[in-house]
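A.B. asks: Predicted coordinates and the sequence they were generated for:
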Number of protein chains: 2
Amino acid sequence: MQTMKENMLQFENACREQGLKITHQRVEVFKAIHKAKDHPSVEEIYAIVNRRIPSISLDTVYRTVDTFEKLGLVSRFQAPDGRFRFDTNIDIHQHLVCTKCGRIEDIHWDGLDRLKVPSVGGWSDLVLASVEIKGLCEACRKKN
Amino acid sequence: MQTMKENMLQFENACREQGLKITHQRVEVFKAIHKAKDHPSVEEIYAIVNRRIPSISLDTVYRTVDTFEKLGLVSRFQAPDGRFRFDTNIDIHQHLVCTKCGRIEDIHWDGLDRLKVPSVGGWSDLVLASVEIKGLCEACRKKN
DNA sequence: AATTTATTAGGAACAATTCTTATTACCGAA
DNA sequence: TTCGGTAATAAGAATTGTTCCTAATAAATT
């Protein structure tokens, strides 16, 4: 577990290495994603950052989040509703998705790690990219 | 492995059971998905069916494909490019995705079947929904 | 064949994302 | 510290994928 200060340093170093400018916008977007625990969408990140930089444009959030993904600072995946969602956890790509409300939660599936990704004729560099498990979350189950 | 004739019978029976009309459009969309082996998108299905029914609208393909999914005749998933793709194979949800060209291939991951989906506090009815493995397909590897 | 009712075509509407262009601001050099 | 070159940004237009709306059409039932 890293502190926010450590995260910021890591972020700034990654930018310098790549010759990217450390802009106000990038700093705030980075912080917003790191603080949010619920896999925010671009729209949600925008709403958060907008409170600190009212002039920021949605497009900037899109571009910034793209940049961060290329730097390996965040991971991106598609929720079943079709929107991109972002995560500072770039290792775990196993998600629980509620079939009712769409809520997404990270999980760690013990045993899956130990399983070797199968080799398939012709294909190379195979890497397990994402695992999605569907179910009913606590809140939705209680509603019934 | 089923013949197309068997598939058509299964399709027609499923429609009758649900009180759905067996329209020209539905028949052609069904055939198109079954013949295509490459997880066609709506746009691609439309292009194929359009050759047989030039007047068909894109919206009809969307609706039809929705209907088929509800009947359990096809499965739908999201490609990394964000578009829906369809598959007549409704059992296997393990896909290889080429990081270069986006090509998608079904695979069967032996061993994954035997793994029990983990139980997570609060959540219920958990079902493994999809597994995505990224890599480089043969064609793209040869290009390098 | 006529009637009923689901389905369709066509285009408008919508939502998420990307593109365009003039303006701004980061950062290295003076 | 100030300045200039250049990457990054704001704003909104454009694009893409999908869904909605309505009058017209065509399955299935009689």
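C.D. replies: Received, thanks. Numbers count the residues shown, from 1 in each chain, chains lettered A, B, ... in the order given.
A.B. asks: The longest strand along chain A: which residues count as buried?
C.D. replies: Ranked by number of residues, the top strand in chain A under DSSP state E is strand A:124-136. Residues A:126, A:128-136 are the ones in strand A:124-136 that count as buried (16 or more other Cβ atoms under 10 Å in any protein chain shown). Just so you know, the C-beta spots here come from the backbone N, C-alpha and C atoms, and that holds for glycine as well.
A.B. asks: any chance of those in JSON lines, plus pLDDT and distance to residue B:94?
C.D. replies: Shown next, in JSON lines, are the buried residues of strand A:124-136 (pLDDT from 0 to 100; distance: Cβ to Cβ, whole Å):
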{"residue": "A:126", "pLDDT": "95", "distance to residue B:94": "12"}
{"residue": "A:128", "pLDDT": "93", "distance to residue B:94": "10"}
{"residue": "A:129", "pLDDT": "90", "distance to residue B:94": "11"}
{"residue": "A:130", "pLDDT": "90", "distance to residue B:94": "11"}
{"residue": "A:131", "pLDDT": "93", "distance to residue B:94": "10"}
{"residue": "A:132", "pLDDT": "92", "distance to residue B:94": "11"}
{"residue": "A:133", "pLDDT": "94", "distance to residue B:94": "13"}
{"residue": "A:134", "pLDDT": "92", "distance to residue B:94": "15"}
{"residue": "A:135", "pLDDT": "93", "distance to residue B:94": "19"}
{"residue": "A:136", "pLDDT": "93", "distance to residue B:94": "23"}
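A.B. asks: Mind putting the residues you listed into a markdown table with distance to residue B:115?
C.D. replies: Converted to a markdown table, the buried residues of strand A:124-136 look like this (distance: Cβ to Cβ, whole Å):
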| residue | distance to residue B:115 |
| --- | --- |
| A:126 | 18 |
| A:128 | 13 |
| A:129 | 17 |
| A:130 | 16 |
| A:131 | 11 |
| A:132 | 15 |
| A:133 | 11 |
| A:134 | 16 |
| A:135 | 16 |
| A:136 | 21 |
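A.B. asks: what about the nearest residue to residue A:104 once chain neighbours are set aside, is that helix, strand or coil?
C.D. replies: Using Cβ to Cβ, 6 or more residues apart in numbering or on different chains and skipping the chain neighbours, the partner closest in space to residue A:104 is residue A:39 (4.9 Å). Following DSSP: H, G, I helix; E, B strand; the rest coil, residue A:39 is assigned to coil.
A.B. asks: where's the residue lying farthest from the centre of chain A relative to residue A:81, distance?
C.D. replies: Distance from the C-alpha centroid of chain A, by Cα atoms, centre = their mean, peaks at residue A:121 (31.4 Å). Per Cβ to Cβ, to the nearest Å, residue A:121 is found 35 Å from residue A:81.
A.B. asks: Likewise for residue A:103?
C.D. replies: Taken as Cβ to Cβ, the span from residue A:103 to residue A:81 is 11 Å.
A.B. asks: then stretch A:67-86 to PDB, C-alphas only?
C.D. replies: What follows is stretch A:67-86, C-alpha atoms only, in PDB (Å, rounded to 0.1, in the frame of the first residue of the first chain):
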ATOM      1  CA  THR A  67      -1.900   8.900 -21.500                       C
ATOM      2  CA  PHE A  68      -1.900   7.400 -18.100                       C
ATOM      3  CA  GLU A  69      -2.900   4.000 -19.500                       C
ATOM      4  CA  LYS A  70       0.000   4.100 -21.900                       C
ATOM      5  CA  LEU A  71       2.400   5.000 -19.000                       C
ATOM      6  CA  GLY A  72       1.000   2.000 -17.100                       C
ATOM      7  CA  LEU A  73      -0.200   4.200 -14.300                       C
ATOM      8  CA  VAL A  74      -3.900   3.100 -14.600                       C
ATOM      9  CA  SER A  75      -5.700   0.300 -16.200                       C
ATOM     10  CA  ARG A  76      -8.800   0.600 -18.300                       C
ATOM     11  CA  PHE A  77     -11.600  -1.900 -18.900                       C
ATOM     12  CA  GLN A  78     -15.000  -1.900 -20.300                       C
ATOM     13  CA  ALA A  79     -18.000  -2.200 -18.000                       C
ATOM     14  CA  PRO A  80     -21.000  -4.200 -19.400                       C
ATOM     15  CA  ASP A  81     -22.800  -0.900 -19.900                       C
ATOM     16  CA  GLY A  82     -20.200  -0.200 -22.600                       C
ATOM     17  CA  ARG A  83     -18.300   2.600 -20.800                       C
ATOM     18  CA  PHE A  84     -14.700   2.700 -20.000                       C
ATOM     19  CA  ARG A  85     -13.800   2.500 -16.400                       C
ATOM     20  CA  PHE A  86     -10.500   3.100 -14.700                       C
END
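A.B. asks: I appreciate the help and will end here.
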